[in-house]
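Asks: what's the 3D shape of this:
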Amino acid sequence: MLFLEMFGFLLLILVAAEVFVNALEHLGDRLGISEGVTGSLFAAVGTALPETLVPLLAIFAGTANVAVNEEIGVGAILGAPLMLSTLTFFLMSLAAFGKRGAKGHFRPERTGVKRDLDFFLGAFALSLVALFVPHGEGWVRITLAFVLVMIYFVYVLLTLRASSSLVADGHGTEAEAPMLLARLGLPANLPVILVQLAIGLALLVAGAKGFIHGIETAAPVLGISALMLSLMIVPVATELPEKVNSILWIRRHKDTLAFGNITGAMVFQGTLLPAIGISLTPWVPHKEVFAGVVITLIAAFWVRWAALHGGLRVWHLWVNGALYAAYLAIALS
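Replies: Reported below is the predicted structural model:
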């Protein structure tokens, strides 16, 4: 019964992602913004809400066991970008393999991918440094947390500033399919678009939270610790919105939206969430945590290097899948 319930929440996430993506494309088209802004800011932040809620709820409103709450919080914070930079990119390559082949190209707008990954690599490197700052050095930790927040603020400004020139160069957001609510007879205007976005987002959050609850219920049966659960299993559920949205866009050859959705979420989760963890948890370099941060940085750097040196091919993202397998081997050893 538990696994049937989890399957039902998985189907809910799939349906919600389709509703959300459809409305998002129409919003970007109506506002005249670039695919980079739509993917890196709107889609990334919107679909990152489920995994953002997990560490916040764990830290501020978790169980009576503070240590367990902190383990779940740290694991969820660091596990999310790990999952995006490795397994999610790998799943995108599988979605594209049938039509493009192993040597087929991904063609996202390069300046946006570079900007996203540059910001992510710089911010997440600071998170790595913070693992070795003693918890008693509160002012150092607060300073690092503040820097991470400011990095995201600057990133948003630069992404918005680049939008107009990208639209002029042909990278504007275009909606292909009619809006779902419009098929019911409602007008395809801005208020209706926002209503559909809200419905899609609410369903995404509900589906992800339900799926997480199912996994947490199954954890004692599987004999998995809170830290390993949050690092390895919870992100699989909370990252499903990003995975599904990006796979849908890749299959439609909307590469800029697909990559922006992932890399933008990586920036969001590599700045604001670690800032919370650095400020409110012990944030220490356990083996699983340290390995996850290092592998995440390697995976992000690999995508950046491939994108800027000859262009991303489908097989390049198989390396990211191998890095995820390597992390599992390290964490479970």
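Asks: Quick check: residue 75 vs residue 7, distance?
Replies: Using Cβ to Cβ, to the nearest Å, residue 75 is found at 24 Å from residue 7. Quick note: C-beta positions are derived from backbone N, CA and C, even for glycine.
Asks: Comparing these two, which shows the higher neighbour count?
Replies: residue 75 (30 against 12; other Cβ atoms under 10 Å).
Asks: distance of residue 144 from residue 78?
Replies: For residue 144 relative to residue 78 (Cβ to Cβ), the value is 15 Å.
Asks: more crowded one of these two?
Replies: For residue 144 versus residue 78, the count of surrounding residues by other Cβ under 10 Å is larger for residue 78: 31 against 20.
Asks: part of a helix, is the more buried one?
Replies: Yes: judged by DSSP: H, G, I helix; E, B strand; the rest coil, residue 78 forms part of a helix.
Asks: number of nearby residues for the closest residue to it other than its chain neighbours?
Replies: Counting by Cβ to Cβ, 6 or more residues apart in numbering, residue 78 lies nearest to residue 292, which is 5.3 Å off, once chain neighbours are set aside. For residue 292, the neighbour count with other Cβ under 10 Å is 25.
Asks: How about the secondary structure of residue 292?
Replies: Assignment for residue 292 (three-state DSSP): helix.
Asks: shouldn't it be in contact with residue 79?
Replies: Yes: counting by Cβ atoms under 8 Å, residue 292 touches residue 79, with 6.7 Å between them.
Asks: shared neighbours, the two?
Replies: residue 231 (Cβ atoms under 8 Å, 6 or more residues apart in numbering).
Asks: Backbone torsions only: list them for the closest residue to residue 106 other than its chain neighbours.
Replies: In space, and not counting its chain neighbours, residue 106 is closest to residue 312: 4.2 Å by Cβ to Cβ, 6+ apart. Main-chain dihedrals, residue 312, degrees, to the nearest 10: phi -70, psi 130.
Asks: got the contact list for residue 312?
Replies: Contacts of residue 312 (Cβ under 8 Å, 6+ apart): 105-106, 108, 303, 306.
Asks: before we move on, what about residue 118?
Replies: So residue 118 contacts residue 304 (Cβ under 8 Å, 6+ apart).
Asks: Give the helix, strand or coil label for it.
Replies: Quick answer, by three-state DSSP: residue 118 is helix.
Asks: measure it to residue 126 for me?
Replies: Taken as Cβ to Cβ, the span from residue 118 to residue 126 is 13 Å.
Asks: Show me the helices in the stretch 201-333 of the chain, by range?
Replies: Remark: helices assigned in the stretch 201-333 of the chain by DSSP state H, counting those that start in this stretch are 226-228, 234-238, 240-251, 255-280, 287-308, 316-332.
Asks: Surely residue 330 touches residue 291?
Replies: Yes: between residue 330 and residue 291 there is a contact at 4.6 Å, judged by Cβ under 8 Å.
Asks: who has more neighbours, these two?
Replies: Higher neighbour count among residue 330 and residue 291: residue 291, with 19 against 15, using other Cβ under 10 Å.
Asks: right, so of the helices of the stretch 201-333 of the chain, which gets closest to residue 198?
Replies: The minimum distance between residue 198 and these falls on helix 240-251, with 14.6 Å, by Cβ to Cβ.
Asks: what's that closest one packed up against?
Replies: Here helix 240-251 touches helix 2-31, helix 44-47, helix 89-100, helix 190-222, helix 255-280, going by 3 or more Cβ pairs under 8 Å, 6 or more residues apart in numbering; DSSP states H and E.
Asks: and that helix, how far out from the chain's middle?
Replies: 11 Å (Cα atoms, centre = their mean, to the nearest Å).
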